[in-house]
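Novice: Any chance you can model this:
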Amino acid sequence: MLWSKLAEELASWCCTSATRDIKTVTTCIEHEGLSFLTITLPAFAKDFELALDRGFVAHDLFTGFRFKGGLPRFMGGYLELVFDRDSGVLVDAPSIDAILAVRQLSLVYSKISIPCSDARVRKAMRGYIDCENDVRRAMVRLGRGSRLDFSRISRLLYARAFAKVDREVYYGKVVPRHGPGATADGLRGNGKLSQRSWPRRLEEVFSCSENLLPNWSFYDQLETVDIVEPGSETPVKVISVPKTQKTPRIIAMEPTCMQYMQQGLLAVILEALSEDDLLDSFLGFDDQTPNQRMAESSSADGSLATLDLSEASDRVAYDLVETMLADHPNFAIGVDACRSRTASVPGLGEVSLSKFASMGSALCFPFEAMVFLTVVLIGIEESLSTTLTRESLKPLRGKVRIYGDDIVIPVEHVHSVLRSLETFGFVTNVRKSFWNGKFRESCGKDYYDGCDVSVTKFRHRWPSSRRDAQEVISLVSFRNHLYFSGFWRTCEFLDDRIRKLLREFPVVLPSSPVLGRHSFLGYDTQRLGPYLHDPQVRGHVVVARSPVDQLDDWPALLKWFLLKARAERFEPEADVVSFEGHLERSGRPQSVNTKLRWASAV
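Specialist: Numbers count the residues shown, from 1 in each chain. Predicted coordinates for the structure are as follows:
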């Protein structure tokens, strides 16, 4: 019903009819089930984007759908506003609304959080092993000249920043921190402060006496710490998490001790990179908007290409990271010390790792971005037929930017950069990389000819009652995103359904804690607050409390010193030691609920 409402509203935007499309989807769901919405239609969207990039529809696209002339019959009313029906060639002035319509209807269920089948999970795990073998083969094939180029460009880019990190490691100024996620050894929340396992090679660089104790008066506690020899270390635990119904996302949970020091190194690395103006213009770690703006402008003028890599983090070889850090021994030893060398893969046993790290390591994201930037610039250097210097890199500001595996580069260097990426063992996802037409995609935003054609996605199953709190929260968020995208008729349909789930569903501002309707027309006021005299409404408020996790004695003192040290180093104006209840509760909430109460509408 929701898909039908979206199709009808989009048909009214495009002055066409969606009646046949709705019948087709209804029939296909009866025969294929939910996979038609979550697997088949997203594949339709990818083919559509590829056709936009090519400028025409070929019969190698939209397989499984019947054609009429040069276009599929399905969604034909929208497609005819973008491509010529007879030839399949892109029309001179394609309808932006029709492009948005095809993408919205095809991708609305592409990221719904439903676990994959066991067979697909097993296939993904085997793919993890296959990727590991590919990394080994790529490093064997890599020639001496390519290694020298990689070393030279790395030195050109990172010598200054890495020198600073090298000094920080040498003088013991790395302040460790525990992350919020789960770990391979099962420690969670405040329990991580009482870890009793410390690898030998980590001890040689980051001593447990300096990182596990609040001060030397607790030296006797070291008697309970188990110094683990290299052959007995806890491997990373490879797990799958929902991504799409076609394939899960594969990540690796690090042991607590490794994650602890990785977080400390991460802060120092990001600080050093941000202080280099040149690197700050090329690399992004916490702000996606520069990539998105570049994608928007290049969709209109065609000056930049957006590239996406398959299994990006799993294809970064540790060999390349070692080459990158060769001139900075303390930094290199520190990275090696807190890098896990083996992984436990369900059903496939324990394997040694040639990759640097999988998603789950705190150092995965920055190092993959730095490696990709190096490889991209090797390709640009080859295209320019010149030797790059820091001075010659300055004209590339605003034209080259890396955010994880989202890469933006000048169009004229695309083929050289693709060859460079392939040389170093990376695989370009050609169905998510664009440089020919006017479609661009980067960091979750999509554009065609300067217009935003990003879609709103349904993330969870439809809730059956108010007790399905996560699903209710997701549904309300989906409704509000649709509203600001202009789908007001569909929002009316959703409002009627949500009111049957929630006793109160007032109009509030996006900043309000209440689960309510967002609107361009202001907000409801049912009373004034008794203390602040702020406009209040009665509605459902999300309640998510961290699990009870008492911490006392010297681990509590250690946590206080760690918070204070990081505040003084990275956030000198923040009152970090005033977290209410952080010694009683810690970790990610294990459940989410909603409660009906009075709360601010703004």
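
Novice: quick one, helices of the stretch 201-350 of the chain?
Specialist: 208-211, 256-274, 277-282, 289-301, 318-324, 329-337 (DSSP state H, counting those that start in this stretch).

Novice: now the angle from the longest one to helix 329-337?
Specialist: Read that as helix 256-274. Between the axes of helix 256-274 and helix 329-337, defined by axes from the mean of the first three to the mean of the last three C-alpha atoms, to 10 degrees, the angle is 140 degrees.

Novice: tell me how far helix 256-274 is from the chain's mean position?
Specialist: Taking C-alpha atoms, centre = their mean, to the nearest Å, the mean C-alpha location of helix 256-274 is offset from the chain mean by 19 Å.

Novice: average pLDDT across that helix?
Specialist: This predicted structure assigns helix 256-274 an average pLDDT of 96.

Novice: buried ones in that helix?
Specialist: Buried residues in helix 256-274, defined by neighbour count with 16 or more other C-beta atoms under 10 Å: 256-270, 272-273. The C-beta positions use only the backbone N, C-alpha and C, and glycine is treated the same way.

Novice: Tell me which helix or strand comes right after the helix or strand bottoming out on mean pLDDT in the chain.
Specialist: Counting by mean pLDDT, DSSP states H and E, the weakest-scoring helix or strand in the chain turns out to be helix 553-570, with a mean of 87. Toward the C-terminal end, the helix or strand that comes next after helix 553-570 (DSSP states H and E) is strand 593-600.

Novice: re earlier: what is the least confident helix or strand of the chain packed up against?
Specialist: Taking 3 or more C-beta pairs under 8 Å, 6 or more residues apart in numbering; DSSP states H and E as the contact definition, the neighbouring helices and strands of helix 553-570 are helix 256-274.

Novice: Could you check the angle the helix it packs on makes with helix 553-570?
Specialist: Computed by the same axes, to 10 degrees, the angle separating helix 256-274 from helix 553-570 equals 10 degrees.

Novice: Next secondary structure element downstream of the longest helix along the chain?
Specialist: Here the longest helix in the chain is taken by residue count, with DSSP state H as the criterion, and it is helix 144-170. On the C-terminal side of helix 144-170, the nearest following helix or strand under DSSP H and E is strand 197-199.

Novice: which other residues reach that following strand?
Specialist: The set of residues that contact strand 197-199 without belonging to it, under C-beta atoms under 8 Å, 6 or more residues apart in numbering, is 185, 208, 212, 225-228, 230, 233-234, 255-258, 337.

Novice: Quick one, which of the helices of the stretch 201-350 of the chain gets closest to Arg152.
Specialist: Closest approach to Arg152 among those is made by helix 318-324 (10.3 Å; C-beta to C-beta).

Novice: If you count neighbours, what's buried in the closest one?
Specialist: 318-321, 323-324.

Novice: Now do that helix: which elements does it pack against?
Specialist: Using 3+ C-beta pairs under 8 Å, 6+ apart as the contact criterion, the neighbours of helix 318-324 among helices and strands are helix 144-170, helix 329-337, helix 364-384.

Novice: Try it again at 10 Å.
Specialist: helix 118-141, helix 144-170, helix 329-337, helix 364-384 (3 or more C-beta pairs under 10 Å, 6 or more residues apart in numbering; DSSP states H and E).

Novice: quick one on the thing from earlier: can you put the helices of the stretch 201-350 of the chain in CSV and add distance to Asp149?
Specialist: Shown next, in CSV, are these (distance: least, C-beta to C-beta, whole Å):
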stretch, distance to Asp149
helix 208-211, 37
helix 256-274, 21
helix 277-282, 17
helix 289-301, 25
helix 318-324, 10
helix 329-337, 20
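
Novice: Low-confidence stretches in the stretch 501-602 of the chain?
Specialist: Across the stretch 501-602 of the chain, the stretches falling below the confidence threshold (pLDDT under 70) are 572-580.

Novice: Can you give me the buried ones in the longest helix of the chain?
Specialist: Within helix 144-170, the residues that qualify as buried by neighbour count (16+ other C-beta under 10 Å) are 149-151, 153-158, 161-162, 164-166, 168-169.

Novice: Tell me the one of those nearest Ala305?
Specialist: Ile153 (19.8 Å).

Novice: ok, the closest one touching Glu382?
Specialist: No. Under the criterion of C-beta atoms under 10 Å, Ile153 lies out of contact with Glu382, with a separation of 11.1 Å.

Novice: any idea of the mean pLDDT for stretch 100-109?
Specialist: When pLDDT is averaged over stretch 100-109, the result is 97.
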